[in-house]
Each structure stands twice: as C-alpha cells, then as structure tokens.
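[1] okay, here's the prediction I keep looking at, along with the sequence it came from:
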Amino acid sequence: MTLATRVIPCLDVSAGRVVKGINFLNLIDAGDPVEMARIYFEEGADELTFLDITASSEGRSTTLDVVRRTADQVFIPLTVGGGISSSDDVNQLLRAGADKVSVNTAAIKNPTLLNDISERFGNQVLVISIDAKRGRTASGFEVTTHGGRTNTGIDALSWIEESIARGVGEILLNSMDMDGTRAGYDLELIRKVREISSVPVIASGGAGDLDDFGRAIESGADALLAASVFHFGIYRIAEIKRDLARKGFVVRDNNSIREN
Amino acid sequence: MIAILDYGSGNLRSAQRACEETSHEVVITSDAEVALKADGLVVPGVGAFGACMEGLLSINGDEIIRARAQAKRKTLGICVGMQILFDESEESYKNRTPQGLGIAPGKVVKIDAPVVPHIGWNTVESPEGSTLFKGIESERFYFVHSYAALSTSTEYTTTTASYGQEFIAAIESTTVSAVQFHPEKSGAAGLRLIKNWANSL
C-alpha cells in the first residue's frame, strides 16, 4: 500500500471571506481565503476544501472568483461544497478551477442530483458530504442537516450505499457528535462506513490531538479533514504529517523538491 | 508556445496555469491550425472516456494529434487525455465499448482494487532515461481515476504505479507522452514534470 493518506484543511468561506480562525497567521489580509489556501499549500496540504456558507446569491459569484484566484496559485486539488443544487452549479465551479464538489442537503432533498452530476462530469468530481450523528436508525448513525440540529430519519449507512450507487466517488464523513469538540474523530463511525464503502472515505469532525489522526487512519480513513486545529494554529500541517510519518503512516513529503 | 486543447473537457484553467510556470507562452484553443502549429500540445481530459472521445472527435482532435506525431511535434496527454491514446476502454459509454485513437496499443480497464476510484498521492516507478521524471523519480503524484491501461508496446518508455494492481502511470515517446495522474495538481513535483516536458520542446 503506497498511497499516502491525505491531510486536508477545510476553510469556511462566506461572501469571499474566511469566517473562522483568522487570527493565528501573520497575514497581510487575514480573511482572504486565497492567501490562506496558498499558505496551506506551501505547508504541505494534500488537498483543500472550501465550504461556502454564503447565504445570498450575490455572494455566490464572489465564491467563484475566490475559486478562480485560488486555482491560479495553488497546484493541489480543490473541493468546493455548499449551496450546490444543480449540475449547472457544478459546471460553473469546475470551469472556475474546482476539481471536485461536495453535495450535502440538496442531495437529501433530491437524490437524482447525484446521478445528474456523476453522469455529466464523472464520479471523480462528486463527493457526498454526510453530517452523521448517533441516533435511532438501523446502524445507530443518522443523517442530519442544519449543522446537526435537524434529524432526517435517514440511516447514514444506507444513505452512503445509495449515494455510491448513484455515482458518488468519495465520502466526506462528518461526525456531528464530535464536530468542534477536538476530542477525536468518531472511530466507530469511520469503521462502520469503511466496511460498507467501496469509495474513499474522508474523516471529518473532532480532530484535536496529534494521536487522533493516526487513530482515524487505523479505523479506515483514506483522508483526514480538519478545520479548527489548523485555523487556530494548534497544529501546522507539516507537524501532523511529520508525526504520522514517525508513527509509520504513509504521508506525502513535499519538501524534497527545490527549484533549479 | 504551448496550446491546451479545448474540446469541452475538464479544468483547463489549472492546466493552463501550470504550463504558464514554464517559460512558454500558453493558449487555450480548439482551433486546429493553432493546435497543429504549437511547439507543445496538452490534451487534458476528465470524466468518461467515451464522452472525451466524442468531444475530441467533434473538433477533429484525433487528426490533430496524429498529424502532430507525423510532424514530430510533441503532445502531452493528461488523465483521460492519456487513456484516449489507447485502443479502447472497458468503461462502457452509451452501452458501447468506446474506441480510442490506437496510438498506444493496449486496452484501458477498470482498476482491480477494494477501494475505487484511486484518489490521492501515489509513488511511481520510472525507468532510467525518462525525460518526464528526471529529478523527481521518488516523488508522489496526484491520481484520480477508476480505469487504467495495464500494458502497451515497448516503443514507449513506460512508468508504472501500483494500486491493487500495477498499471501505467506514464508513457513517453519522441512525440507522444502522457500521464495518468494530474501534474497540474501534483504540487511542486507536477510543475517540475511539466517543466521537464516543456524543456524538451
């Protein structure tokens, strides 16, 4: 197994500005997602995720501009999620320079959206983002919306199986029980999803300690997404990757190339 | 001058930006004349093999690629832009087995691994004498694909990667080269690969 586990920082962006954790880096423009993306790229991020939490439609065109400017400077894959409800929305983002899109609530309301996107652009562009929470559905994990506040009654594992059948190429698995707690990823959730998923699984929600990342990999995560540990400067990306390498996990070392 | 072939497929902007890191002028074009005359032609490609072939044929891209090879001008295929150089793909499209250009002998097949697509940064095994991988033989590159070619003719210098099984990560000849991964998304290693290719133009 030579494939490296990916470490992916996630930026919450609203109307073209980063809305969380802008205090730790010595930035010229602390709220500029493009500059933060460039710093994460230089620090060794393996991919980037923008979560667009813009409410207004005017803000959406600002997001496209942010995607364009990021793709112009950052030579790693860029995933954009938030507010995508049609394959035309996906087309706009891909043309602006996004490599993948993640879809969440819109797919719950209209599952055929997943078929539309994967048939038009291929399953490699389509990530299903799932906000799972411990609940009373068959697997013990339920799909939620609105940041975990609204239960859907849909079982998380059966929704994942359905999503894969409809053409998603990757799963962004957010634990709403652990999100923001920095008490560790939900390892049981990762294990259960890994067992049934034929596509890569990105673990998200709860990372707080260096050991958390390796535990998620051991539980079956193919990639590790985190937000607050990076934004608040608790750990730098290079630090996490060095620690994983020391523990014997396979990560990408991006420091060996020098300009010549 | 490097031309990026625009046949309706993929993230052309990233390919363009990565090529601009070389000393060459870069244009995105679907104009046959421009694509024929360019010092280097980049053929990107994402999505289904059959859909890419349809797009390519609609701008006579097959003829452009063949004519460039005849004229000893260099072409670089990326991802599905590499796959379409082969004979055919197992990736069914409109209930048919789509045919490729047949410039590289061999068939594109579904990757046999427990988790597919193959997404992420993987290592490659490149032979001595590779132009593309000069100085970056031990780096990782970003892959995202479910299908791959497993073998081709020995007239190509072939670099392999492994995920569930060994497959072709890159082919190189004096005129036609191609990579299964995305150099434009592979950080410094990918930019170096594009520079290696651009320096050979």
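    Looks like it arrived, so ask away.

[2] got a list of what residue 113 touches?
    All of this refers to chain A. For A:L113, the contacting residues are A:S85, A:S86, A:S87, A:V103, A:A106, A:A107, by CB atoms under 8 Å, 6 or more residues apart in numbering or on different chains. From N, CA and C alone the C-beta is placed, and that goes for glycine too.

[3] hm, I was asking about chain B
    Counted by CB under 8 Å, 6+ apart, B:A113 has contacts B:Y163, B:G164, B:Q165.

[4] now do the SS call for A:S163.
    On the three-state scheme (DSSP: H, G, I helix; E, B strand; the rest coil), A:S163 is labelled helix.

[5] now do A:D88
    With three-state DSSP as the criterion, A:D88 reads helix.

[6] how close does it get to chain B?
    15 Å (CB to the nearest CB, to the nearest Å).

[7] go through stretch A:85-100 and flag the buried ones.
    A:S87, A:D89, A:V90, A:Q92, A:L93, A:L94, A:A96, A:G97, A:A98, A:D99, A:K100 (16 or more other CB atoms under 10 Å in any protein chain shown).

[8] so the second one is in contact with A:G81, correct?
    What that stands for is A:D89. No: with contacts counted by CB atoms under 8 Å, A:D89 stays clear of A:G81, the gap being 11.0 Å.

[9] taking the stretch 1-150 of chain A, what residue is nearest to chain B?
    A:G122 (3.8 Å; CB to the nearest CB).

[10] now the phi/psi pair for the nearest residue to that residue once chain neighbours are set aside, please.
    Nearest non-adjacent residue to A:G122, counting by CB to CB, 6 or more residues apart in numbering or on different chains: B:G47, 3.8 Å away. B:G47 adopts backbone torsions of phi 90, psi -150, taken as degrees, to the nearest 10.

[11] and chain B, which residues reach chain A?
    B:10-11, B:13-14, B:17-18, B:46-48, B:114-123, B:135-136, B:138-140, B:142, B:144-146, B:162-163, B:182, B:184-192 (CB under 8 Å from any CB of the partner chain).

[12] now a PyMOL select for only the buried ones of those residues.
    Applying 16+ other CB under 10 Å to the residues of chain B next to chain A leaves a buried subset, and the PyMOL line that selects it is:
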select buried, chain B and resi 10+11+13+14+17+18+46+47+48+115+116+117+118+119+120+121+122+123+136+139+140+142+144+145+146+162+163+182+184+185+186+187+188+189+190+191+192
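
[13] which ones among the residues of chain B next to chain A lie within helices?
    B:R13, B:S14, B:R17, B:A18, B:G187, B:A188, B:A189, B:G190, B:L191, B:R192 (DSSP state H).

[14] including pLDDT, could the residues you listed go into a markdown table?
    As requested, these are exported to a markdown table (pLDDT from 0 to 100):
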| residue | pLDDT |
| --- | --- |
| B:R13 | 87 |
| B:S14 | 90 |
| B:R17 | 94 |
| B:A18 | 95 |
| B:G187 | 96 |
| B:A188 | 95 |
| B:A189 | 96 |
| B:G190 | 97 |
| B:L191 | 97 |
| B:R192 | 97 |
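
[15] can you redo these as a markdown table with distance to A:G214?
    Shown next, in a markdown table, are these (distance: CB to CB, whole Å):
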| residue | distance to A:G214 |
| --- | --- |
| B:R13 | 36 |
| B:S14 | 32 |
| B:R17 | 34 |
| B:A18 | 33 |
| B:G187 | 23 |
| B:A188 | 26 |
| B:A189 | 25 |
| B:G190 | 27 |
| B:L191 | 30 |
| B:R192 | 30 |
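
[16] and the residues you listed, which is closest to A:V193?
    B:G187 (28.4 Å; CB to CB).

[17] ok, the closest one touching A:L48?
    No: contact between B:G187 and A:L48 fails when scored by CB under 8 Å: they sit 11.7 Å apart.

[18] hey, what's in contact with both of the two?
    A:F41, A:I76.

[19] which parts of chain A are helices?
    According to DSSP H, the helices that chain A contains are A:33-43, A:57-73, A:87-96, A:105-109, A:112-121, A:156-165, A:187-196, A:210-218, A:228-231, A:237-246.
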